[in-house]
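In: Starting from these lines, generate the structure:
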Amino acid sequence: MQTSSLKILALTVGVFFFTNNLSTSFLPVYYMEIGLSVAEIAQLLFSTFTVIGLLPIMMLKFMKNFEKIITFGILSTALFFAVLIYVKNPMILGLTYGLGIATFWPSFNLLQFRLSETRIRARTVSLFSSIIPSIASIVGPAVGGFVASTFGFPTLFTISIALYIVAFLLSRRIKFQSETHKFAIPRDKTFKIFFVSFILLGLSEAYWLAYPLFVNKISGGTFQMGLVLAASAVLICAVTFLVNWLSDIKKTRINFAIIGAVLNALWYFAIPFASTSQEIVALSLLSGFASSFSLSWFAHYGDSFSKEYYASILVMLEVGLMIGRTLNLAPTNIFISNANYTSYFTLLGLVWILIIPLYLIAKRTKINAI
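Out: Purely as a prediction, here's the structure:
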């Protein structure tokens, strides 16, 4: 059952992530095109982050089959793109967008943990959280950029809705398990270290608004932007699985996470100086190595707690990210409103440096994971 469900999950998220890359990468460009200001987009994202952080806690408390929520997550993501065609209100868009993410990601992450084993967890996580999305992003942005520039965003969103429905139908074949444990947070130093790290990781994210706008600015249009993102994905995909395979074999996940933090900081310090599409693609190799090493921390998270805590800790992961992402809206308003990408990316690079001491503390406390 586990192997069969894992294969169906792979197929489901393959279609899901292809569709995501087809359209989601261009959302900031679309928001600007329909007349939203950076402040209004920040309002939209605040609504999104609030739903992502709080809704999964309520669902876990009141729903027995938490894994099955992934099917609703896919369907509600399709609903967001239907709303997107007709609605321009930032609050409504943010709440609808948050509903899709909040009902997809916690259950998807839970399935990754439950359907994988410790000895291959980093490889499984890299397959579902990086390899499949990266492969999907090789073709998705290029196709999405062509459709958006040729036929317009409504056509692109309509195609996305149809593909999300395909992913929804596939997801119904996964054999889900009922949740046997109620919401419970581990009350120890280990969890506190992870939780603070997720706040900082949420604060360090740039892909919600700043990075897509930066790439669009440098590349000069949606079609060219799609090609740049696709070329970058080829390089990222090439290194991810190898790095996480080594993480499983060498059992040095915290060391790998530290390397990932250093590489992420270097990428953020370097990216503002990119002035051509070719330079962005070249720097994506550094970004690819950074994300590959960084995923070891997520695999380490799964191995640091017993299975009865899986649903709860994944819900709290979203809460930590929500806090960090919300804090990120302040520098987004300050710097991106003025197109000051250098200061914004430099600040996020410094946040990655702040994450390193947490990893070192985790290493010293000898968290019981491989």
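In: Quick check: phi and psi on the closest residue to residue 309 other than its chain neighbours?
Out: Nearest residue to residue 309 in three dimensions, chain neighbours excluded: residue 186, at 5.6 Å (C-beta to C-beta, 6 or more residues apart in numbering). Bear in mind the C-beta positions are built from the backbone N, C-alpha and C, glycine included. The phi and psi torsions at residue 186 (degrees, to the nearest 10) take the values phi -60, psi 130.
In: can you pull the pLDDT of residue 186?
Out: Looking at residue 186, its pLDDT stands at 79.
In: Contact partners for it?
Out: Residues in contact with residue 186 (C-beta atoms under 8 Å, 6 or more residues apart in numbering) are 305, 309, 312-313.
In: distance of the closest residue to residue 280 other than its chain neighbours from residue 223?
Out: By the measure of C-beta to C-beta, 6+ apart, the closest residue to residue 280 outside its immediate chain neighbours is residue 274, 4.9 Å from it. As judged by C-beta to C-beta, to the nearest Å, residue 274 and residue 223 stand 19 Å apart.
In: Residue 78 too?
Out: From residue 78 to residue 223 the distance is 24 Å (C-beta to C-beta).
In: Name the residue in the two with the higher neighbour count.
Out: Higher neighbour count among residue 78 and residue 223: residue 78, with 21 against 18, using other C-beta atoms under 10 Å.
In: I am assuming residue 281 contacts residue 227, so please confirm or correct that.
Out: No. Using C-beta atoms under 8 Å, residue 281 makes no contact with residue 227, being 9.2 Å away.
In: Mind listing what's buried along the helix or strand hosting residue 200?
Out: Using DSSP states H and E, residue 200 falls within helix 189-203. Using 16 or more other C-beta atoms under 10 Å as the test for burial, helix 189-203 gives 190-191, 193-203.
In: Among the residues you listed, which one lies nearest to residue 291?
Out: Nearest to residue 291 among the buried residues of helix 189-203, counting by C-beta to C-beta, is residue 201 at 11.4 Å.
In: related to what we said a few turns ago, out of the contacts of residue 186, who's the most crowded?
Out: residue 312 leads the contacts of residue 186 on contacts (other C-beta under 10 Å) with 24 neighbours.
In: Where does that residue sit: helix, strand or coil?
Out: helix (DSSP: H, G, I helix; E, B strand; the rest coil).
In: Next one, pLDDT for it please.
Out: 84.
In: again, but for the one 3 residues further on
Out: The confidence metric pLDDT takes the value 87 at residue 315.
In: For it, which non-adjacent residue is spatially closest?
Out: Nearest non-adjacent residue to residue 315 (C-beta to C-beta, 6+ apart): residue 56, at 4.4 Å.
In: Could you do residue 13 as well?
Out: residue 132 is the one closest to residue 13 (C-beta to C-beta, 6+ apart), at 5.8 Å.
In: how much space between the one you found and residue 12?
Out: Separation of residue 132 from residue 12 (C-beta to C-beta) stands at 10 Å.
In: okay, the angle between the helix or strand containing residue 39 and helix 189-203?
Out: Using DSSP H and E, residue 39 sits within helix 38-62. Helix 38-62 and helix 189-203 are oriented at 150 degrees to each other (axes from the mean of the first three to the mean of the last three C-alpha atoms, to 10 degrees).
In: what is the rounded mean pLDDT of whichever helix or strand comes after helix 38-62?
Out: Remark: after helix 38-62, the chain's next helix or strand is helix 69-86, criterion DSSP H and E. Averaged over helix 69-86, pLDDT sits at 94.
In: Please name every helix or strand in contact with the following helix or strand past helix 69-86.
Out: Proceeding N to C from helix 69-86, the next assigned helix or strand is helix 90-114, under DSSP H and E. In this structure, helix 90-114 packs against helix 2-23, helix 38-62, helix 69-86, helix 121-126, helix 310-335, with contacts taken as 3 or more C-beta pairs under 8 Å, 6 or more residues apart in numbering; DSSP states H and E.
In: Could you rerun that using 10 Å?
Out: If you count contacts as 3 or more C-beta pairs under 10 Å, 6 or more residues apart in numbering; DSSP states H and E, helix 90-114 packs onto helix 2-23, helix 27-33, helix 38-62, helix 69-86, helix 121-126, helix 153-171, helix 277-303, helix 310-335.
In: Identify each buried residue in the last one, please.
Out: The neighbour-count check on helix 310-335 (16+ other C-beta under 10 Å) flags 310-329, 331-333, 335 as buried.
In: tell me the angle of it relative to helix 90-114?
Out: 140 degrees.
In: low-confidence ranges in the stretch 1-150 of the chain?
Out: 1-3, 115-126, 129-130 (pLDDT under 70).
In: what about 90?
Out: For the stretch 1-150 of the chain, the stretches with pLDDT under 90 are 1-11, 13-14, 17, 21-26, 56-69, 105-146, 148-149.
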